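Undergrad: predicted model follows, preceded by the sequence.
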Amino acid sequence: MPKIAKELRALDISRLGESGHHPVGGVVGLYLYITPNGAKSWVLRTMIAGKRRHMGLGAYPTVPLAQAREKARQARDEIINGNDPIAQRKQAKSLLQAQQATEITFAQAAQSYIDAHSDGWKNPKHRAQWTSTLETYVFPVMGKLMVKDVAQTHVLQVLEPIWKTKTETATRIRGRMESVLDWATVRHYRDGDNPARWKGHLDKLLAPPTRIQKVIHHKAIEIDNMPTFMAELRKREGIAPRALELAIYCAARSGEVRGSTWDEVDFDKQIWVIPAERMKAGSEHRVPLSRQCIDLLKKIPRLVDCPYIFPSTKSGMLSDMALLAVMRRMEVDAVPHGFRSTFRDWAGEKTNYPRDVAEQALAHTLTNKVEAAYRRGDALEKRRQMMQDWADFCHAPLKGSRPIQEAFLSTLP
């Protein structure tokens, strides 16, 4: 039978100062442990399943004497009933740590998703756009909310105020919320269905974007005014006017031209090969170069240690506003991207070239999946003659063209 220690009072406990284990009585096995530096804590010495165990009951004086005795009695009762309070405490701590590890906010989940995927995004601006839209529209509603608690109510609270007024932005935000929540589900931060999914869920609560979004076409020069515009453009000096000129001849996007490098051009084969990572559709695009393109490129000086065909003043890539600035100085109310529309109108209204050849010239992805699956080539030689005809049309003699300041199409409803 264990020796019964003298039952100490609270005053006695306060006076103890010698390091070591001091029995305090009242409960068998209850001790006050004092470290060499004077720190005090409660310890219950007991036997559990035939093994000597020491169970901490808290620090003194945070846990006073009366509370320490009560904790010791409860622990001994658990042991008598066949339980292991130390093992139970460890299990509870482990469960708490596991729960805490899965509790992250939506903002933290979004940041983790961006960090995990941004290296694969071909456009460096994509990360900034993700961050900007989430910070502006989503985080004020659910940024501090645990991602496991995000529900349909929160998603609608984000989308409904902008669904009809900023439809395109709202559509992108919905997709981004869905991606973040899917990521959180796969990483076991949440369970259940994704409240931001569209098909079979939000499509029952919100109007389809195609029915409420106004289609705004890029303002473009009218077909018959292209010779006049090109004649005026060729009079302009500088790198930006030449970049715009090449973009028009090739029906290319502004970014494709501004980022073009000399090693992408094969003068012998008269081809400009734009690598997949610089294309919107993510596929390599070959552009047949007309005689006008070749002449233009040969007249552009090459800068030492600069890969760009149309470099900025600091030998970097031209600003995305450079080509638009040229048109503004010409006092033409249109945008560079609009020339792709002008080219498409020319191909459809002034020529007999097949639709798919014109679409390939614009590097458009076929919406018909069956047609896309069977298309293997890029009709380069067919496009070569078409692009030469387009360049020749742009150089046609001027006959009754309207002033270029009036030569743009109105925005369609």
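TA: Great, that's in hand.

Undergrad: rest of the way, CA atoms for contacts and neighbours
TA: Noted.

Undergrad: if I look at residue 180, how far off is residue 116?
TA: 11 Å (Cα to Cα, to the nearest Å).

Undergrad: ah, wrong one, I meant residue 349
TA: With the distance defined as Cα to Cα, residue 349 ends up 47 Å from residue 116.

Undergrad: C-terminal to the helix or strand of the chain with the lowest mean pLDDT, what's the next element?
TA: Using mean pLDDT, DSSP states H and E, the weakest-scoring helix or strand in the chain turns out to be helix 369-374, at a mean of 46. Counting by DSSP states H and E, the element after helix 369-374 in chain order, helix or strand, is helix 380-394.

Undergrad: what's the closest non-adjacent residue to residue 75?
TA: Take residue 75 and drop its neighbours on the chain: the residue closest to it by Cα to Cα, 6 or more residues apart in numbering is residue 85, 6.2 Å away.

Undergrad: ranges for the helices of the stretch 301-413 of the chain?
TA: Secondary structure of the stretch 301-413 of the chain by DSSP state H, counting those that start in this stretch: the helices cover 322-329, 338-350, 355-361, 369-374, 380-394.

Undergrad: weakest of those helices by average pLDDT?
TA: Comparing mean pLDDT across those, the weakest is helix 369-374, with a mean of 46.

Undergrad: on that earlier part again, surely the residue nearest to residue 75 meets residue 77?
TA: No - assessed by Cα atoms under 8 Å, residue 85 is found out of contact with residue 77, at 9.6 Å.

Undergrad: higher neighbour count, the two?
TA: In terms of neighbours (other Cα atoms under 10 Å), residue 85 is the more surrounded of residue 85 and residue 77; the figures are 17 against 13.

Undergrad: next, give phi and psi for the more buried one.
TA: Dihedral pair for residue 85: phi -60, psi -30, per degrees, to the nearest 10.

Undergrad: on that earlier part again, same list (the helices of the stretch 301-413 of the chain) but as JSON lines, adding distance to residue 138 and mean neighbour count.
TA: Shown next, in JSON lines, are the helices of the stretch 301-413 of the chain (distance: least, Cα to Cα, whole Å; neighbours: other Cα atoms under 10 Å):
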{"stretch": "helix 322-329", "distance to residue 138": "32", "mean neighbour count": "17"}
{"stretch": "helix 338-350", "distance to residue 138": "33", "mean neighbour count": "19"}
{"stretch": "helix 355-361", "distance to residue 138": "37", "mean neighbour count": "18"}
{"stretch": "helix 369-374", "distance to residue 138": "34", "mean neighbour count": "10"}
{"stretch": "helix 380-394", "distance to residue 138": "45", "mean neighbour count": "18"}
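
Undergrad: so which of these is nearest residue 164?
TA: Closest to residue 164 of the helices of the stretch 301-413 of the chain is helix 338-350 (Cα to Cα; 25.9 Å).

Undergrad: contacts for the closest one?
TA: For helix 338-350, contacts defined as Cα atoms under 8 Å, 6 or more residues apart in numbering pick out 218-223, 248, 251-253, 353, 355, 358-359, 362, 390.

Undergrad: ok now that helix, how far from the chain's centre?
TA: How far helix 338-350 lies from its chain's middle: 34 Å, per Cα atoms, centre = their mean, to the nearest Å.

Undergrad: the inter-axis angle of it versus helix 380-394?
TA: Counting by axes from the mean of the first three to the mean of the last three Cα atoms, to 10 degrees, helix 338-350 lies at 100 degrees to helix 380-394.

Undergrad: any idea how far residue 264 is from the residue nearest to residue 311 when sequence neighbours are not counted?
TA: Closest residue to residue 311 apart from its sequence neighbours, by Cα to Cα, 6+ apart: residue 317 at 5.2 Å. Per Cα to Cα, residue 317 is found 15 Å from residue 264.

Undergrad: compare those two (neighbour count), which wins?
TA: Legend: neighbour count by other Cα under 10 Å for residue 317 and residue 264, higher for residue 317 (20 against 16).

Undergrad: ok, now how distant is that one from residue 84?
TA: The separation that residue 317 has from residue 84, given Cα to Cα, amounts to 70 Å.

Undergrad: sec struct for residue 66, please.
TA: helix (DSSP: H, G, I helix; E, B strand; the rest coil).

Undergrad: so what pLDDT did it get?
TA: The model's pLDDT for residue 66 equals 88.

Undergrad: ok, now residue 232?
TA: For residue 232, pLDDT reads 93.

Undergrad: ditto for the one 3 residues further on
TA: pLDDT recorded at residue 235 is 93.

Undergrad: count of residues packed around it?
TA: Residue 235, neighbours per other Cα under 10 Å, totals 9.

Undergrad: what segments of the chain are strands?
TA: 20-23, 30-34, 40-48, 51-60, 265-266, 271-274, 285-288 (DSSP state E).

Undergrad: so what strands line up beside the last one?
TA: When you say that, I think you mean strand 285-288. Using DSSP bridges, the strands paired with strand 285-288 are strand 271-274 (antiparallel).

Undergrad: what's the answer for the second one, then?
TA: Strands that pair with strand 30-34, judged by DSSP bridges, come out as strand 20-23 (antiparallel), strand 40-48 (antiparallel).

Undergrad: most tightly packed of the ones you listed?
TA: Between those, strand 40-48 has the highest mean count of neighbours, a mean of 21, where neighbours are mean count of other Cα atoms under 10 Å.

Undergrad: outside of it, which residues touch it?
TA: Applying Cα under 8 Å, 6+ apart, the contact partners of strand 40-48 are 29-34, 52-61, 68, 72, 76, 79, 84.
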